[in-house]
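1. Whatever this is, show me its structure:
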Amino acid sequence: MNDVENISFDDIELSSGGKKVVWEWIGEGWNGDFNPEDSDDVPLLRFSCYHFLNGDWQQMDDASYCTRMPISSNRFHLVKAAMIILEAIEDCNYKKRLEELSWFEPQDFIVDKQNA
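-> Predicted coordinates:
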């Protein structure tokens, strides 16, 4: 991947009960904007949360975070993570929990088959 414009990710949206989580790639990497010149940088996903008000989806306050999930993440894991995020935003004090969830990494979804 030599060029940020050539990176693509199809957004993932999951909604329930008037709330919605969207996984998207908006050009972020480990240190802010993704730097294709830096071999250690990775394009990272962001989740944003919305609620349905007055007939339209509106972004929730303090509910959009860059994560440690690369754009190559397993889509099943991203849906599973979105379900966890949807549950978190049901609480009116969701901000701290969302900050914690922004640390999601792919290995958080790997099941240890030996200890399962």
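
2. For the rest of this, base every contact and every neighbour count on C-alpha atoms.
-> Fine.

3. Provide the contact partners of the longest strand anywhere in the chain at residue level.
-> For the chain, the strand that runs over the most residues, judged by DSSP state E, is strand 56-70. Strand 56-70 is contacted from outside by 28, 42-52, 95, 98-99, 101-106, using Cα atoms under 8 Å, 6 or more residues apart in numbering.

4. On the pLDDT front, check the one residue sitting closest to the centre of the chain for me.
-> Nearest to the geometric centre of the chain sits residue 47, at 3.2 Å (Cα atoms, centre = their mean). Listed pLDDT for residue 47 reads 97.

5. Show me what the biggest helix by length in the chain is packed against.
-> The single longest helix within the chain, with elements called by DSSP state H, is helix 75-88. Packed against helix 75-88 by the contact rule (3 or more Cα pairs under 8 Å, 6 or more residues apart in numbering; DSSP states H and E) you find strand 12-16, strand 19-29, helix 95-101.

6. Which of the ones you listed sits closest to residue 110?
-> Residue 110 lies closest to helix 95-101 among the helices and strands packed on helix 75-88, at 16.1 Å (Cα to Cα).

7. still on that earlier bit, could you give me the ChimeraX selection string for whichever of the contacts of strand 56-70 are buried?
-> A single ChimeraX command selects the buried members of these (16 or more other Cα atoms under 10 Å):
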select :28,42,43,44,45,46,47,48,49,50,51,95,98,99,101,102,104,105
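
8. Highest mean neighbour count out of the helices and strands packed on helix 75-88?
-> Of those, the one with the most neighbours on average (mean count of other Cα atoms under 10 Å) is strand 19-29, at a mean of 21.
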